[in-house]
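Novice: Fold the following, please.
(chains A, B, C and D)
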Number of protein chains: 2
Amino acid sequence: MAARGTTIRLADVAERAGVSLATASRSLTGTRGVSVTLAEHVREVATSMGYVTNMHARSLAGGGESSIGLIVSEIGDPYFAEIASGVIGVAAEHQRMVQISHAADPAAVLAQIRLLRAYRVGAIVLAGSGHIDPTMDAAADAELAAFQASGGRVAVVGRHHIAADAVLPDNVAAGRSIGQHLLELGHRRVALVAGPATLNTVADRLAGLREVLGDAVVSVSHQAFSRAGGTTGAAELLALNRNVTAIVGLSDVMAIGVLATLRERGIRVPEDVSVAGFDDISVAADLSPALTTARLPMAEIGTAALRLTMLDPASRPRRKAFSHELIVRESTGPPR
Amino acid sequence: MAARGTTIRLADVAERAGVSLATASRSLTGTRGVSVTLAEHVREVATSMGYVTNMHARSLAGGGESSIGLIVSEIGDPYFAEIASGVIGVAAEHQRMVQISHAADPAAVLAQIRLLRAYRVGAIVLAGSGHIDPTMDAAADAELAAFQASGGRVAVVGRHHIAADAVLPDNVAAGRSIGQHLLELGHRRVALVAGPATLNTVADRLAGLREVLGDAVVSVSHQAFSRAGGTTGAAELLALNRNVTAIVGLSDVMAIGVLATLRERGIRVPEDVSVAGFDDISVAADLSPALTTARLPMAEIGTAALRLTMLDPASRPRRKAFSHELIVRESTGPPR
DNA sequence: AGCGTTTACGTAAGCGCTTACGTTAATCTA
DNA sequence: TAGATTAACGTAAGCGCTTACGTAAACGCT
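Specialist: Residues are numbered from 1 along each chain as shown, chains lettered A, B, ... in the order given. Next comes the predicted model:
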């Protein structure tokens, strides 16, 4: 909170401009009912005095636009950073602030939703994946439901067990595409380095891969959904020595970890083993070697999510599907 | 704003719990003056009723912790994403929300500072680079000064023309290290692909490079401080055909762009030309080839910036310097 | 010209909360 | 055990703003 009794109130501006508080308020908010010249005058006085609206007071009184809450697992992760970029872009178009929260586990998500509610945000975009087991997200879902019941809007990205607007990346089909691609190249022994099995995103991608690959999936390692998870997953896999000809990371970030481990061990990609990922984060094309991946337009998904919350509240929840695109680059090739 | 007349107020909780508004407030905020058992009872009632504090009201009334404002050029850029991650981490430790704003040019920065002020944030972290010409940032600086005068705290990362806490990455020394490294490898014709010449960050890195490289700098291209800027800068350079043996991008992101253009043209790195960058963003090690760079710990810089704002206000402004570390990887080698 | 409308403002009632100040009962000090 | 603290709670005064309502003047119409 700003201290110092020097804070300039709207009342001060009104007095200095020789008008009532009401007129001053109307002049600044653009509400009609004030002659243009007077309004202009008030605005000049306000500017000259360095007046700054107190959004808290404005919100309390019922005016003002609300801000947007965005919950991500980790903003340092390119996947979420790109979603955030999309969300912030749209928010800025509408003069809305975006409050970003980190929340990696269900308890943290719940806490952040509570906080966002306390801040009376108008909408919440939940970017993290939902869990297969509905009970894990139950508390958070209940909190979101209460938020919606009180007029708040919410949009989730990915499958969640909650009646809210949703942006759905087609993870299953993406998994199929990657699997198909590998199969066509001739791979019959592929390993998967995945994130936590409890996440819908992971489960869906896994389902798509398995559907196409079938018995060709000879190993699945569940690790943290991060680069570090990718490196340990790959290391674990190598220790198993299952003679795989391809490894797919369940996200590009994980695939980057896989690539790192492989490089470290002197295993060539794609000559010795092929590697693929999901998402097509922007650096995917610049990796060593450039990563084959199933592109899902994260920034667009972010903008779409926020846009959903801004539509007319009627006939919700809405869902918007996003299809993927297989991007074949250098990290995949025929098996030896 | 939440709609529906169903909103549960603290007064409702107080009534239901059979206590006064004041006691209810004290129970929830932890203020002493209430017997532990009564406070506990009130809290239970509040929870059972699904009460959610109205932060706007709380802030207006003078209680409550304020949130943090963070201004970045583009959250999708790993450089800023890592800073943001650091800031959000510290903020979470203190139960503070972080409001993130995108602002790429001085006018946008000014607008965002105004908005942040309106939201009565307690502190503002300005992550974007300052400009060489003080007049470009004059308006924003004045706004920040006013913010500080009214009790707000501000921390900037990098050189800015304002009396505020600052975290200073040693860009000049980083430039020297990169230059030195190239010189030692035997390079005598190096090109620089830089961001806007008006930015302090660019100017400082440039100064360090020039100090060491001297006449060895045969070309400097100023582009957008982004991957795209890197690609066009490299393309421009290639068109000039100056026979350079090394190219340094003024940031890793730009270097990535350079690498992309080189790869596209079939120019090998580092055999045909060496490439280096700045920052050591987390993917730098995973590039093709792994990028030699001057590491500046962005996440730490983010946490340090926010921490500065939380210190005792006395004896400010403070400045905290961050030194760099030369990370030699595969993208640099002796010239042909 | 007379009456209803609209326009331009002022007055004042909150929005939901914290906290200074009072009041009473319980605890302590000498 | 009387007087002084202290603890536990209630009362009420705002925090800075928006907006419903009221009023007076200006405007429109027949």
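
Novice: DNA strand D versus the closest residue to DNA strand C within the stretch 151-300 of chain A, what's the distance?
Specialist: Among all residues of the stretch 151-300 of chain A, A:G151 sits closest to DNA strand C, at 11.7 Å; criterion: C-beta to the nearest atom of the strand. Using the backbone N, CA and C atoms, a C-beta is placed for each residue, glycine as well. According to C-beta to the nearest atom of the strand, to the nearest Å, A:G151 and DNA strand D sit 15 Å apart.

Novice: Can you tell me the element that residue falls in?
Specialist: Using DSSP states H and E, A:G151 maps to neither a helix nor a strand.

Novice: now for the one helix or strand A:L110 maps to, which elements pack on it?
Specialist: Per DSSP H and E, A:L110 falls inside helix A:106-118. Counting contacts by 3 or more C-beta pairs under 8 Å, 6 or more residues apart in numbering or on different chains; DSSP states H and E, helix A:106-118 packs against strand A:68-72, strand A:98-102, strand A:123-126, helix A:134-149.

Novice: Please could you give me each C-alpha atom of it, formatted as CSV?
Specialist: Output of helix A:106-118 as CSV, limited to C-alpha atoms (Å, rounded to 0.1, in the frame of the first residue of the first chain):
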residue,chain,number,x,y,z
PRO,A,106,-3.5,-29.5,-6.5
ALA,A,107,-3.1,-28.0,-3.1
ALA,A,108,-1.2,-25.0,-4.6
VAL,A,109,-3.8,-24.6,-7.3
LEU,A,110,-6.5,-24.5,-4.7
ALA,A,111,-4.6,-21.9,-2.7
GLN,A,112,-4.1,-19.8,-5.8
ILE,A,113,-7.7,-19.9,-6.9
ARG,A,114,-8.7,-18.7,-3.4
LEU,A,115,-6.3,-15.9,-3.7
LEU,A,116,-7.5,-15.0,-7.1
ARG,A,117,-11.0,-15.0,-5.8
ALA,A,118,-10.1,-12.7,-3.0
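
Novice: what comes into contact with that helix?
Specialist: Residues external to helix A:106-118 that are found in contact with it (C-beta atoms under 8 Å, 6 or more residues apart in numbering or on different chains): A:69, A:71, A:99, A:101-103, A:124, A:126, A:128, A:131, A:136-137, A:139-140, A:143-144, A:146-147, A:152, B:52-55, B:95, B:97.

Novice: Of these, keep whichever come out buried.
Specialist: A:69, A:71, A:99, A:101-103, A:124, A:126, A:128, A:131, A:136-137, A:139-140, A:143-144, A:146-147, A:152, B:52-55, B:97 (16 or more other C-beta atoms under 10 Å in any protein chain shown).

Novice: same for the lowest-mean-pLDDT helix or strand in chain A, what does it pack against?
Specialist: Least confident element among the helices and strands of chain A, by mean pLDDT, DSSP states H and E: strand A:98-102 (a mean of 90). Strand A:98-102 sits against strand A:68-72, helix A:78-93, helix A:106-118, helix B:78-93, strand B:98-102, with contacts defined as 3+ C-beta pairs under 8 Å, 6+ apart.

Novice: ok and the residue in the stretch 101-250 of chain A nearest chain B?
Specialist: Relative to chain B, the nearest point of the stretch 101-250 of chain A is A:G151 (3.3 Å; C-beta to the nearest C-beta).

Novice: what do you get for the stretch 201-336 of chain A?
Specialist: Closest point on the stretch 201-336 of chain A to chain B, by C-beta to the nearest C-beta, is A:S288, at 3.1 Å.

Novice: Might you report the residue contacts of that residue?
Specialist: Contacts of A:S288 (C-beta under 8 Å, 6+ apart): A:259, A:263, B:286-290.

Novice: Filter those down to the buried ones.
Specialist: Neighbour counting by 16+ other C-beta under 10 Å classes A:259, A:263, B:286-290 among those as buried.

Novice: how about those, which pair is most distant?
Specialist: Maximum pairwise distance among the buried ones among the contacts of A:S288 (C-beta to C-beta): 12.5 Å, between A:L259 and B:P289.

Novice: Show me what from the stretch 1-150 of chain A comes close to DNA strand D.
Specialist: Residues of the stretch 1-150 of chain A lying near DNA strand D by C-beta under 7 Å from any atom of the strand: A:7, A:9-11, A:21-22, A:25-26, A:28-29, A:31, A:51, A:53-54, A:57-58, A:60-64.

Novice: Enumerate the residues of chain A near DNA strand C.
Specialist: Residues of chain A lying near DNA strand C (C-beta under 7 Å from any atom of the strand): A:18-23, A:32-35, A:38-39, A:57, A:60-62.

Novice: Apply 10 Å and report the result again.
Specialist: With C-beta under 10 Å from any atom of the strand as the criterion, chain A meets DNA strand C at residues A:1, A:11, A:14, A:17-27, A:31-39, A:41-42, A:56-63, A:118, A:120.

Novice: Mind telling me which residue is nearest the centre of chain A?
Specialist: Geometric centre of chain A, nearest residue: A:A127, 3.5 Å, by C-alpha atoms, centre = their mean.

Novice: Any figure for the gap between that one and DNA strand C?
Specialist: The gap separating A:A127 from DNA strand C is 28 Å, by C-beta to the nearest atom of the strand.

Novice: pLDDT at that residue, what is it?
Specialist: pLDDT recorded at A:A127 is 96.

Novice: hang on, A:H187 in a helix?
Specialist: No: A:H187: not assigned to a helix; according to DSSP: H, G, I helix; E, B strand; the rest coil it is coil.

Novice: Now do the contacts for the nearest residue to it once chain neighbours are set aside.
Specialist: Excluding the flanking residues, the one nearest A:H187 by C-beta to C-beta, 6 or more residues apart in numbering or on different chains is A:A246, at 4.4 Å. A:A246 sits next to A:182, A:185, A:187, A:189-191, A:273-276, A:332, A:335 when contact means C-beta under 8 Å, 6+ apart.
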